[in-house]
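> Could you look at this predicted model? Sequence included:
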Amino acid sequence: MSTTTAQESSGRANQKRRTHAAIVKAAADLMLTGGEVTMPEVAKAALVSEATAYRYFPDLASLLAESMADTLPDPAEAFAALADSADAAVRVAAAAEHLARLVLARAGAVRAMIAATIVRPETATRRPGLRFALIEQALRPWADSADGETLGNLKRDLSVVMGAEALFSLMDMGGLGPEDAVASIVRTATTLTRAALPQGR
C-alpha cells in the first residue's frame, strides 16, 4: 500500500470515528432534554443525513443504548450520603428515588427503548439495566447475613416496582404528576424492603 493510499485509509477511518462520536453525542444531548428522541432529530443535531445515522446504527434502540450508557452515573453515587446506613429500607429508598429521577431526566429516550423492547423482546439486553445494579448496591450490606431466598425474592420484587415501566404507568395511567409518581415508587420499595428485612437487618 502506498503512503498516499494509507493516509487516505487512515483519514476515512478517522472520519468514521468522528461521525460515530457526533451521532452518539447528539443522541445523548437530546436524551438529556427529557423530550422525544427520534433518528431524524439525532441526525439533524449531528449534522449528518438520516441515512448516514442508520449506516452507523441499525435502529434507534441500539443508538440510545450506547448513548445512554455514556450518560449514566456510577450506581454508588446514589448512596454517597448513606455509606454507614444500617437500614436496608433507607438505602433502597435512595436507590428508588435516584433511578426514578434519572428516568424522568431521560423520559423520551427511555420510552423509546421500552417501546423497542416490547416490539422486539430480543433487544432487551441493550437496555442499561441500571435498576439491577442499584438494587444490588443497596442490599449489598445484607448479602451475607440475610436468607438467600428472601433476598433473592426482594431483589426481584424491587425490580418490578423500581423500573421505568412502573413510573410511566403511574403517570400515564394513574394520572400522577412526576413528583407524586416518584414518591409512590419510593414508598412501595420501602414497604417491600421493611417487610422482607425488618429492623434494617
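Nice, thanks for sending it over. Residues are numbered from 1 along each chain as shown.
> Enumerate every residue touching Arg12.
By Cβ atoms under 8 Å, 6 or more residues apart in numbering, no residues touch Arg12. No exception for glycine: its C-beta is placed from N, CA and C like everyone else's.
> Now name the helix or strand holding it.
Using DSSP states H and E, the element containing Arg12 is helix 3-31.
> Quick check: what element follows that helix along the chain?
Later in the chain than helix 3-31, the nearest helix or strand by DSSP H and E is helix 39-46.
> Tell me how many other residues crowd Ile185.
23 (other Cβ atoms under 10 Å).
> ignore the last one, Thr52
Thr52 has 14 nearby residues by other Cβ under 10 Å.
> all numbers from here: first residue = 42
Sounds good: first residue 42 from here, last item Thr93.
> hang on, it packs against Thr60?
Yes. Using Cβ atoms under 8 Å, Thr93 is in contact with Thr60, at 6.9 Å.
> Which helix or strand in the chain has the lowest average pLDDT?
helix 44-72 (a mean of 81; mean pLDDT, DSSP states H and E).
> Leaving out chain neighbours, which residue sits closest to Thr79?
Closest residue to Thr79 apart from its sequence neighbours, by Cβ to Cβ, 6 or more residues apart in numbering: Leu101 at 7.0 Å.
> Return the distance of the one you found relative to Leu73.
Remark: distance between Leu101 and Leu73 (Cβ to Cβ, to the nearest Å) = 16 Å.
> Tell me which of these two has more neighbours.
Taking other Cβ under 10 Å, Leu101 and Leu73 do not tie; Leu101 has more neighbours (20 against 15).
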